[in-house]
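In: okay, sequence plus prediction incoming.
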Amino acid sequence: MIFTLLALLIGLIAVYILYKAARILWQNSWFVGFCRGLFGLALIGLAAVIAVTAFDLYSYKQVLQEQVVATINFDKIEDQHYFAVLSDKNGKEQRVELRGDQWQLDARIVKWKGYLATFGLKPAYRLERLSGRYYDIEQETTEKRTAHSVHPDLYGVDLWQVVNKHPDWFPIVDAVYGSATYLPMKDGALFEITLSNTGLVARPVNQVARDAVSTF
């Protein structure tokens, strides 16, 4: 909820800036109008950047408790080559090809620090990347690797990256990666990925997945 409210607030700021830019551009007068026009266009650009930032922020979901964030199942194409179907908690599916013996799902996690943490504000997350790897070290260094973005950034605006690279600028927010442990890929295997305050956890759901985990 808090991230939705923040995104809404930033979106309203963008709308206000766009309104002011439209008023400036609407007024007449030559040189002054020209200068106002440039300033108005600059405000439109600023409003666009702020609006995209609001959308980027809205893509993060709050962690209220340990919850299922995705499921993944595998269909074998050939040895060490699989179709992976990743479904998020809203039912959105992504079907990609993964090579190797194991898979891993990464997520971005945003945690509150300092006095905000004492208010009970929960962390937020966004699924980030699905990748495969080979169990054999030689294959891992020589064979083709596969990794797929789960949620691409909109028009290059990435607020999380700014916080992650410059933590000193945002002392009340912590932007970190969370990853599920590498687990085996197996034809017909189904796994469930949950997220808590400590990170991602992947668990086998069906017998095929449980057998794969126990014998790998």
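Out: Sure thing, it's come through. Numbers count the residues shown, from 1 in each chain.

In: report how many residues lie close to P184.
Out: 20 (other C-beta atoms under 10 Å). Every residue, glycine included, has its C-beta placed from N, CA and C.

In: same check on Y19?
Out: Neighbour number of Y19 under other C-beta under 10 Å is 12.

In: do you know how far I17 is from L8?
Out: Separation of I17 from L8 (C-beta to C-beta, to the nearest Å): 15 Å.

In: meant to ask about D187
Out: 45 Å.

In: let me know the pLDDT of Q80.
Out: Note on Q80: pLDDT of 93.

In: same check on N197?
Out: Confidence score, pLDDT, at N197: 62.

In: quick revisit: between I17 and L8, tell me which one has more neighbours.
Out: Ranked by neighbour count (other C-beta under 10 Å), I17 and L8 place I17 first, with 20 against 13.

In: for Y182, which non-adjacent residue is spatially closest?
Out: Q102 (4.2 Å; C-beta to C-beta, 6 or more residues apart in numbering).

In: burial of K165, as a residue count?
Out: Using other C-beta under 10 Å, K165 has 10 other residues around it.

In: ugh, wrong one, S131
Out: So S131, with other C-beta under 10 Å, has 19 neighbours.

In: what's the following helix or strand after the lowest-mean-pLDDT helix or strand in the chain?
Out: Ranked by mean pLDDT, DSSP states H and E, the weakest helix or strand in the chain is helix 115-118, scoring a mean of 59. For helix 115-118, the succeeding helix or strand toward the C-terminus, using DSSP states H and E, is strand 124-133.

In: now for that following strand, which elements pack on it?
Out: Judged by 3 or more C-beta pairs under 8 Å, 6 or more residues apart in numbering; DSSP states H and E, the packing partners of strand 124-133 are strand 61-62, strand 67-78, strand 81-88, strand 93-99, strand 102-112, strand 147-149.

In: the inter-axis angle of the longest one versus strand 81-88?
Out: So that's strand 67-78. 160 degrees (axes from the mean of the first three to the mean of the last three C-alpha atoms, to 10 degrees).

In: would you mind pulling the contact partners of strand 67-78?
Out: 61, 82-89, 97-98, 103, 105, 107, 125, 127, 130, 185-196, 200, 202, 205 (C-beta atoms under 8 Å, 6 or more residues apart in numbering).

In: what does stretch 202-212 give?
Out: Here stretch 202-212 has contacts from 71-72, 105, 180-181, 183-194, 213, using C-beta under 8 Å, 6+ apart.

In: please redo it, this time with the cut-off set to 10 Å
Out: By C-beta atoms under 10 Å, 6 or more residues apart in numbering, the residues outside stretch 202-212 that reach it are 68, 70-74, 101-105, 179-194, 213-214.

In: show me this structure divided up by domain.
Out: Domain assignment for the chain, taken from automatic domain parsing, gives 2-58, 62-215.

In: mean pLDDT lowest where, among those domains?
Out: domain 2-58 (a mean of 65).

In: tell me how many other residues crowd the closest residue to G178 other than its chain neighbours.
Out: Distance criterion C-beta to C-beta, 6+ apart; nearest residue to G178, sequence neighbours excluded, is G199 at 3.9 Å. Applying other C-beta under 10 Å, we find 17 residues neighbouring G199.

In: how close does G199 sit to Y19?
Out: Counting by C-beta to C-beta, the gap from G199 to Y19 is 42 Å.
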